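Asks: Next input, structure requested:
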Amino acid sequence: MKTRAITGFFFIIVMLASVLLGHWVFGGFYLLLSLLCLNEFYSLIKQTGISPNQATGMLTGSGIYAIFAVITANNDDTFRQWPFLIVLLITAVFAQELFKKTPAPFTNLAYTFLGLILTIIPFTFFHALAYLQGTFNSHFPMAFLLMLWSNDTGAYLTGRAFGKHKLFERHSPKKTWEGFIGGVVIAAGVGLIISHFYLELNWSEWVIMAVLIGTIGTMGDLVESMFKRSINVKDSGGILPGHGGLLDRFDGLFLAAPIVYSYLYFISK
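Replies: Down below sits the predicted model:
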């Protein structure tokens, strides 16, 4: 428990610093974090005997994140054609598989692209949250993290105190409906508090954002649990002592970030 608490403390400090230290640190940190998550995903898949194209997958992931980071950070038509470069990166993934001698090449390709969809794409949406208003603004990604953490903490505490009815026992035996509802309610309360300090949205829009993070984030957690059970592992890694791997820590973000960005994009327009 002591190790978990110490790791959690430093993890929160690093995450908050990554948002508050400005444009370059924010972009670079989440590029690194997304690649570490992708590498962790590929390492887990390799334990099953499948051989995803790790080298070209990591290169493609770097390109996808960097291209969309430049586009969102620079509201300039000069960069609008850059996404076409992704076609070349995807072609390289197929080309690498042609030269490998494996019994299931399309299984390798499928998991290579699944890793990109599960890890890199969500972080591009999370990065884009900071540029919803055209210039770098730490309020949206900061609020997202605070709501995500409050949902996780609230679900854990209310689940331990009142949890009786299983939420999705087949994939996550410890999660309960009481914990799920408690997490969403506490996240919504944090959203209400945030509305008094961050004035970009009204209180109801912040609360809706919190509810989306709580519900979709919980689904992301369940999907990651389903993934781990399908390959028979308990933790996705050991990079965070007492907390498991990076996939374990960001499973809520993977599904929630694209949904929240879409919601904020449309209400801002």
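Asks: for the helix or strand where Ala128 lies, packing partners?
Replies: With secondary structure defined by DSSP states H and E, Ala128 is part of helix 121-129. Where contact means 3 or more C-beta pairs under 8 Å, 6 or more residues apart in numbering; DSSP states H and E, helix 121-129 is packed against helix 23-46, helix 54-73, helix 139-162, helix 246-268. The way it works is simple: take the backbone N, C-alpha and C, and place the C-beta from them, glycine included.
Asks: Mean pLDDT and mean neighbour count for the ones you listed - can I get that in JSON lines?
Replies: JSON lines is the format used below for these (pLDDT from 0 to 100; neighbours: other C-beta atoms under 10 Å):
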{"stretch": "helix 23-46", "mean pLDDT": "95", "mean neighbour count": "19"}
{"stretch": "helix 54-73", "mean pLDDT": "94", "mean neighbour count": "20"}
{"stretch": "helix 139-162", "mean pLDDT": "94", "mean neighbour count": "20"}
{"stretch": "helix 246-268", "mean pLDDT": "92", "mean neighbour count": "20"}
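Asks: quick one, which of these is nearest to Val207?
Replies: In terms of C-beta to C-beta, the element of these nearest to Val207 is helix 139-162, at 9.7 Å.
Asks: Report the next helix or strand after that closest one in sequence order.
Replies: Using DSSP H and E, the first helix or strand after helix 139-162 is strand 166-168.
Asks: Just checking: what are the partner strands of the helix or strand just after that next one?
Replies: Where DSSP H and E defines the elements, the next helix or strand beyond strand 166-168 is strand 172-176. Within its sheet, strand 172-176 is paired with strand 166-168 (antiparallel), according to DSSP bridges.
Asks: Give the buried residues for the strand it pairs with.
Replies: Neighbour-count burial for strand 166-168, counted by 16 or more other C-beta atoms under 10 Å, picks out 167-168.
Asks: That one - what's its average pLDDT?
Replies: On average, the pLDDT along strand 166-168 is 86.
Asks: List the contacts of it.
Replies: Residues outside strand 166-168 that contact it (C-beta atoms under 8 Å, 6 or more residues apart in numbering) are 173, 175-177, 179-180, 218, 222.
Asks: For PyMOL, write a command that selects the buried ones of the residues you listed.
Replies: Filtering the contacts of strand 166-168 down to the buried ones (16+ other C-beta under 10 Å) takes a single PyMOL command:
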select buried, resi 175+176+179+180+218+222
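Asks: Distance check, the residue lying farthest from the centre of the chain against Tyr156.
Replies: The outermost residue of the chain, judged against the average C-alpha position, is Lys101 (33.0 Å), by C-alpha atoms, centre = their mean. Distance of Lys101 to Tyr156, computed by C-beta to C-beta, to the nearest Å: 47 Å.
Asks: Surely Val207 touches Gly191?
Replies: Yes - counting by C-beta atoms under 8 Å, Val207 does reach Gly191; the two are 4.6 Å apart.
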